[in-house]
Structure formats: structure tokens, C-alpha cells
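[1] can't give you the sequence, but here's the structure:
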Ligand code: SF4
């Protein structure tokens, strides 16, 4: 556990305040702010993505950009009340590279993931969700180990040292990156099917 996370608190808001000053890896230097998790402090469902994107970095909230909007739509289509969900990321600062005028997402490396993981560990411990949903490979491997493969394990519920039940599925941004509309539709429907399993796994 890094020094910033090794704080004696049972309060999510105190944890959020501590994370705002985290400098446990270098990602804080080029990001606007820490993007901590958001949602009900005793949510039944805890969704974990990879890291904030450009919109999240600017607004300071997780899943408010295009991928977050797709997640919101999929939750509705899967019959899940968004107020039952807490959303967060493995890595709390936006890692990016400049392409023209745009800041493009850059995958966090293993050192950055390890440095940041204690924040997620503590979030899960405080929220105590019935079910954690790992969105994409970074979240799945951070929670379940490097042998997890999203395409092989999606829709499965696995046990993690962080949570009793972890449901693996894709990250909504991967649906947005699908090569054409037919592929996007197909991927979206499969994503909703994965999320539809949540009702049997959590007390909603
Ligand atoms: S990415 Fe995580 S570990 Fe790195 S500075 Fe930000 S909050 Fe701290």
C-alpha cells in the first residue's frame, strides 16, 4: 500500500480528499486533477474502468465522456438503476499523449497501475458492493491477475482478493472503437447481455 493510501479512515469522502493530493506516480504531473470514484457510498454494484479520459480529467468525475454515456445507456437497457452503482477506475489520473490539438488516451503501465491500486482496494473495502464489474482488460487484470482474458472470461463471475464476486466484461470504449455500425451494435448487445447478469448477483 502506498503512503498516501495508508490512512486510517472509514470515510469515502476522507479517502477522496487524500487522493486529491496523491503523487505516488508521475501521472499527476500532466493531468488536471485526480478523478476519484463517484456514486452511492453503499452501492450494491461497483464498476471499475481503466483510467479517466479527457472529459473526465477536465470535469473531475468518472465516466462522464462518450464511454460513460454508453455505459449509462447500457445500464438502462439491462434494467439496472444507475443510483445502485458506484463507478471508478483502476488509475485515477488521465495519462495521455498529444496528437495535433487532441489529448489521446495512453494506456497506464504496470508501475502506475500498482501505485494506484491501493486507492481502488480501499474504495471497494469501504463501499462493500455485492458485485464488482471489471470493465476491460486493465480492470480485469488488476482485480483478478494477469491470466484473465476479457474475451475468454467475459460474462463470468470470478473471485478476487479484493471482492468476493467480480463480473468481467468489456470496457464501453472498446464498443465505440468497433470498425463499423454492425460491429458496434453486435458488441453493444453483448455488453448489455453481460450486464443483465448483474440482477442475479446483487441485491438490487
Ligand atoms: S495515478 Fe494514482 S497513484 Fe498515480 S498520482 Fe494519480 S492517484 Fe496517485
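    The structure has been received and is ready for your questions. In this text the structure is predicted, and so the values were computed from the model without any measurement.
[2] pLDDT weak spots in the protein?
    Low-confidence segments of the chain (pLDDT under 70): 1-7.
[3] ok, longest helix in this structure?
    Secondary structure of the chain per DSSP state H: the longest helix is helix 110-127.
[4] need the contact partners of that one.
    Residues outside helix 110-127 that contact it (CB atoms under 8 Å, 6 or more residues apart in numbering) are 1-2, 4-6, 10-12, 15, 19, 22, 24-27, 36-37, 39-43, 46, 48, 86, 88-93, 95, 108, 132, 138, 142, 162-163. Heads up, the C-betas are built off the backbone N, CA and C, glycines and all.
[5] quick one: which of the residues you listed sit in helices?
    Counting by DSSP H, the contacts of helix 110-127 contribute 12, 15, 19, 138, 142 to helices.
[6] distance check, the second one against the ligand.
    Pointing back at residue 15 there. 11 Å (CB to the nearest ligand atom, to the nearest Å).
[7] and that residue, how many neighbours does it have?
    21 (other CB atoms under 10 Å).
[8] let me see the contact set for it.
    The neighbours of residue 15, taking CB under 8 Å, 6+ apart as the test, are 7, 9, 36, 119, 122-123, 126.
[9] repeat that for 6 Å
    9, 122 (CB atoms under 6 Å, 6 or more residues apart in numbering).
[10] ok, it to residue 21 distance?
    Distance of residue 15 to residue 21, given as CB to CB, to the nearest Å: 12 Å.
[11] if we can go back for a sec, list the buried ones in the longest helix of the chain?
    Neighbour counts using 16 or more other CB atoms under 10 Å place 112-113, 115-124, 126-127 of helix 110-127 among the buried residues.
[12] quick check, nearest of those residues to residue 152?
    Within the buried residues of helix 110-127, distances to residue 152 taken as CB to CB reach their minimum at residue 113, with 20.6 Å.
[13] and the gap between the closest one and the ligand?
    Distance, residue 113 to the ligand, using CB to the nearest ligand atom: 9 Å.
[14] and that residue, how far from residue 188?
    Using CB to CB, residue 113 is found at 27 Å from residue 188.
[15] with residue 181 instead?
    10 Å.
[16] which of the two has more residues huddled nearby?
    Neighbours per residue (other CB under 10 Å) separate residue 181 from residue 188, with residue 188 holding more: 19 against 8.
[17] identify the residues contacting the more buried one.
    Listed by CB under 6 Å, 6+ apart, the contact set of residue 188 reads residue 175.
[18] quick one on the thing from earlier: ok, the buried residues of helix 110-127 vs residue 148, which is closest?
    Distances from residue 148 to the buried residues of helix 110-127, taken by CB to CB, are shortest for residue 113, at 13.7 Å.
[19] roughly how far is the helix or strand hosting residue 168 from the heart of the chain?
    Here residue 168 sits within strand 166-169, counting by DSSP states H and E. Relative to the centre of its chain, strand 166-169 is centred 11 Å away, using CA atoms, centre = their mean, to the nearest Å.
[20] quick one: contacts of that strand?
    132-134, 140, 143-144, 153-154, 156-158, 160, 194.
[21] in ChimeraX, select just the buried ones from these.
    In ChimeraX syntax, the buried subset of the contacts of strand 166-169 is picked out as below (16+ other CB under 10 Å):
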select :132,133,134,140,143,144,153,154,157,158,160,194
